[in-house]
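*Asks:* need a structure here:
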Amino acid sequence: MNAERKIKIRVRPRLSASQLVLFLLVACTSVATPMPSPTPPLAIQAGIAAILFDERALILDQRAEPFQKITLSEGAEIIGADQQPISLLDLKDGDLVRIEGRATNRETFLAQRLVVLRAVAALPTRAPTLLFTATPSATPRVTSTPSITPLVPAGDRLPLPGTLIIADTGNNRVIEVTNDKRVIWEIATDAPDDATLAPTGNSIITNHARYNRVVEIEIASRKMLWSFGEAGVAAPDDAHLNTPASARRLSDGSTIVADTRNCRVVVIAPDKRVVAQIGKTAQCGGEPGLLDQPIGATPLANGRLLITEAGNRRVSEMDLQGKVYRSVALPNLAYPSEAQITRAGNVLLAAYEKPGRIIELAWNGRVVWEFFPRAENDWLDRPSHVIELPNGNFAFSDDYNHRVVIVNRAGRIVWQYGAQAITGKAQGYLNTPRGIDFRAVPISAATFTALAPTATRAP
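*Replies:* As a prediction, this is how the structure comes out:
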């Protein structure tokens, strides 16, 4: 007989639904899944074909293929041909550059570092390429010969011949500070982006871009005297604003405002009627009759206005009918600040970027003077507002360095309120100051004579 085979069958107990789910999870996780490796760093060497300032991006020539567009990261390091730090506005079409970073897809690239290997020939003044355009006026105009604003000798010994009104945005206040850094008064107000004295000197006009509102506050009582716009509401009509800037009270009691995102400049009567306007509401552009993101509207002594447009990167002298008398285009500035006119008749503004700079240029686009610290520890961090003081010094807000600075013509800082790159609200500290104004105080001739050092030529 054949021996019987005994087959043993093991029957596993039936699993419950919850046990089955647990079993499948364990089985899946037991299989090692390799982690995706990060995109390796790359280096590209090519020539600049175009600079997209609004996007912080570059279009390179065919040597960069397959990458067509290079975007600079927020903290990207930019090094010039002389191995010194430079800014985006120093780059020019035709520069040969080496870019280090990572691919973000098959055609785009995120740059962490850019080095200029060979720069195209610079202008004799070493200035950015600035274009000049102007609309001639039928009325002859007397203009100053572009020149460096004269330096009053007392500028170093008395850096601030008056007081500064500071819109301390991050601390939700406006303060007035003296030459010896005493705070005369402090007014609490939500996120003021600018603060200017009314013609009487007894109140301040503040604009609040975040809240789409302009407010007048009496200094002595701290009471709100007047306002325009509905807090928190942006709209393209004659009762509202959209990101206002550069609000100022005029001598006739009306208020002028650069209504930035509505692409217009408006004059508002005390009874809150819009009585004059430059640009067409919510129609942005560079064509005649249009503005593109105006961020400055400074009244001039001749009754006209100095209009600064961020969108068009342009500064123009206009009247209230929108007629352009002269204009200078600034294609190499990523974001020009609210421009002013110096006593020499030149245009003064800040380049709102990091590293930033303060620039004085003639109406033909020639840079007359600039303050541009190149050492990384000394970089300006998005300065937004600069004014010329009566003694020839320049005061400006270095916004994200949390300070207000006064610099002389030699490029030396002679006064500072706030600690560089440190925020605070105690005496001597600021938090993102975004606007300043100057109040003159009487200073006797004897004081200036006593303070004045040996006269020197301005650089």
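*Asks:* now the one residue sitting closest to the centre of the chain. Its backbone dihedrals?
*Replies:* Nearest to the mean C-alpha position of the chain, by C-alpha atoms, centre = their mean, lies Tyr352 at 2.8 Å. Main-chain torsions, Tyr352, degrees, to the nearest 10: phi -80, psi 80.
*Asks:* which residues touch it?
*Replies:* 334-337, 382-384, 399 (C-beta atoms under 8 Å, 6 or more residues apart in numbering). C-betas here are computed from N, CA, C, even on glycine.
*Asks:* what's the local residue count around the residue nearest to it when sequence neighbours are not counted?
*Replies:* The shortest distance from Tyr352 to any non-neighbouring residue, by C-beta to C-beta, 6 or more residues apart in numbering, is to Tyr335 (4.2 Å). Close neighbours of Tyr335, defined as other C-beta atoms under 10 Å, add up to 20.
*Asks:* make CSV from the contacts of Tyr352 and add secondary structure and pLDDT to it.
*Replies:* Shown next, in CSV, are the contacts of Tyr352 (DSSP: H, G, I helix; E, B strand; the rest coil; pLDDT from 0 to 100):
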residue, secondary structure, pLDDT
Ala334, coil, 86
Tyr335, coil, 89
Pro336, strand, 93
Ser337, coil, 92
Arg382, coil, 95
Pro383, strand, 97
Ser384, strand, 95
Asp399, helix, 97
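*Asks:* could you measure from the residue nearest to Tyr352 over to Pro383?
*Replies:* Separation of Tyr335 from Pro383 (C-beta to C-beta, to the nearest Å) stands at 11 Å.
*Asks:* where do the contact lists of the two overlap?
*Replies:* Common neighbours of Tyr335 and Pro383, counting by C-beta under 8 Å, 6+ apart, are 351-352.
*Asks:* relative to Trp379, how far out is the residue nearest to the centre of the chain?
*Replies:* On the measure of C-beta to C-beta, Tyr352 and Trp379 end up 13 Å apart.
*Asks:* next one: Val368
*Replies:* For Val368, the distance to Trp379 - C-beta to C-beta - is 22 Å.
*Asks:* what lies in contact with the helix or strand containing Gln45?
*Replies:* Element membership of Gln45 [criterion: DSSP states H and E] is strand 42-52. Strand 42-52 has contacts (C-beta under 8 Å, 6+ apart) with 57-64, 67, 70, 88, 91-103, 109, 117, 332.
*Asks:* got the domain ranges for this protein?
*Replies:* Listed by automatic domain parsing, the domain ranges of the chain are 42-118, 131-451.
*Asks:* lowest average pLDDT across these?
*Replies:* The stretch with the lowest mean pLDDT among the domains of the chain is domain 42-118, at a mean of 84.
*Asks:* could I get the phi/psi values of Asp193?
*Replies:* The phi and psi values for Asp193, taken as degrees, to the nearest 10, are phi -90, psi -20.
*Asks:* I figured it hits Ala167, correct?
*Replies:* Yes: using C-beta atoms under 8 Å, Asp193 makes contact with Ala167 at a distance of 6.3 Å.
*Asks:* ok, the two, which is more surrounded?
*Replies:* Per other C-beta under 10 Å, whichever of Asp193 and Ala167 has more neighbours is Ala167, with 30 against 22.
*Asks:* that one: helix or strand, and which one exactly?
*Replies:* Going by DSSP H and E, Ala167 is in strand 162-168.
*Asks:* C-alpha coordinates for that strand, CSV please?
*Replies:* Taking C-alpha atoms only, strand 162-168 is exported to CSV below (Å, rounded to 0.1, in the frame of the first residue of the first chain):
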residue,chain,number,x,y,z
GLY,A,162,15.2,122.4,13.3
THR,A,163,13.1,119.4,14.1
LEU,A,164,12.0,116.3,12.2
ILE,A,165,8.4,114.9,12.2
ILE,A,166,8.7,111.1,11.9
ALA,A,167,5.9,108.7,10.9
ASP,A,168,7.0,105.7,13.1
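*Asks:* each with direction, which strands does that strand pair with?
*Replies:* Here strand 162-168 is paired, per DSSP bridges, with strand 173-178 (antiparallel), strand 433-440 (antiparallel).
*Asks:* understood, closing this out.
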